[in-house]
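[1] attaching a predicted model along with its sequence, questions to come.
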Amino acid sequence: MTSVDEQDDYWMHRALALARRAAAAGEVPVGAVLVLDNEAVGEGWNRPISSCDPTAHAEMVTLRAAAARLGNYRLVNSTLYVTLEPCAMCAGAMIHARVGRVVFGATDPGAGAAGSVFNILQTERLNHRAEVTGGLLAEECGALLRDFFRARRGKSDAGADALLSAG
């Protein structure tokens with residue numbers, strides 16, 4: 001049987017592979033996997049540009065896929081692995097879905113909602129809290145983001161500078 005640390009490492013590597021798919025499509029390289037009982041039940045990568053949908057963050061795509069597959073919007077006892085600290089929108093969706101644990105790679109000092117700017121996932125003001133583990137494969141996750149924005153430096157928006165410091 002594999003340990004939790006080995007499982008976390010495995011699933012975060014899967015999220016990184018999905019983030020690379022986003023980068024290849026010209027999207028900000030963020031990938032996510034939702035795991036329940038050590039099985040991937042949803043996965044996704046950033047798609048707001050290609051889908052013309054500002055809510056198509058990797059986490060949102062993943063939550064939608066998992067909910068559709070399971071036939072339930074409640075994703076109780078699941079773990080979401082994501083390469084970048086979730087934003088407020090995604091963290092709010094995780095709370096509504098009752099995700100039990102969130103594991104992220106690089107921190108987002110500009111918009112992170114899992115402790116960097118806000119801590120939506122663990123605030124006592126809401127009716128659900130998720131366990132949070134940050135910094136898993138942070139250097140690799142951060143490097144993917146930094147490399148992406150360096151390649152686009154002349155075309156990137158103001159948010160890119162905040163992400164460049166991630167990891």
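    In hand now; what should we look at?
[2] quick check, V102 in contact with L84.
    No - using C-beta atoms under 8 Å, V102 is not in contact with L84, being 11.5 Å away. (C-beta placed from N, C-alpha, C; glycine too.)
[3] so between the two, which is more surrounded?
    L84 (33 against 25; other C-beta atoms under 10 Å).
[4] residues contacting that one?
    Counting by C-beta atoms under 8 Å, 6 or more residues apart in numbering, L84 makes contact with 30, 58, 104-106, 108, 141, 145, 163, 166.
[5] what's the nearest residue to it once chain neighbours are set aside sitting at in phi/psi?
    Leaving out its chain neighbours, the residue that sits closest to L84 by C-beta to C-beta, 6 or more residues apart in numbering is V30, at 4.7 Å. Main-chain torsions, V30, degrees, to the nearest 10: phi -130, psi 130.
[6] next structured bit after the biggest helix by length in the chain?
    Ranked by number of residues, the top helix in the chain under DSSP state H is helix 4-24. Next helix or strand after helix 4-24 toward the C-terminus (DSSP states H and E): strand 31-36.
[7] what comes up buried for the helix or strand that comes right after that following strand?
    Sequence order places strand 39-45 as the next helix or strand after strand 31-36, per DSSP H and E. Residues of strand 39-45 classed as buried: 40-45 (neighbour count, 16 or more other C-beta atoms under 10 Å).
[8] again with stretch 14-25
    For stretch 14-25, by 16+ other C-beta under 10 Å, it's 14-16, 18-23.
[9] likewise stretch 115-126?
    In terms of neighbour count (16+ other C-beta under 10 Å), stretch 115-126 has its buried residues at 115-118, 120-122.
[10] next: stretch 129-139.
    For stretch 129-139, burial by neighbour count (16+ other C-beta under 10 Å) applies to 130, 132, 134, 136-138.
[11] among the residues you listed, name the ones in strands.
    132, 134 (DSSP state E).
[12] take the buried residues of stretch 129-139 and lay them out in a markdown table including distance to A67 and pLDDT.
    Shown next, in a markdown table, are the buried residues of stretch 129-139 (distance: C-beta to C-beta, whole Å; pLDDT from 0 to 100):
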| residue | distance to A67 | pLDDT |
| --- | --- | --- |
| A130 | 16 | 98 |
| V132 | 21 | 98 |
| G134 | 24 | 97 |
| L136 | 24 | 97 |
| L137 | 26 | 97 |
| A138 | 28 | 97 |
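[13] of the buried residues of stretch 129-139, which is the nearest to R150?
    A138 (17.8 Å; C-beta to C-beta).
[14] quick one: that closest one from L63, how far?
    Separation of A138 from L63 (C-beta to C-beta, to the nearest Å): 23 Å.
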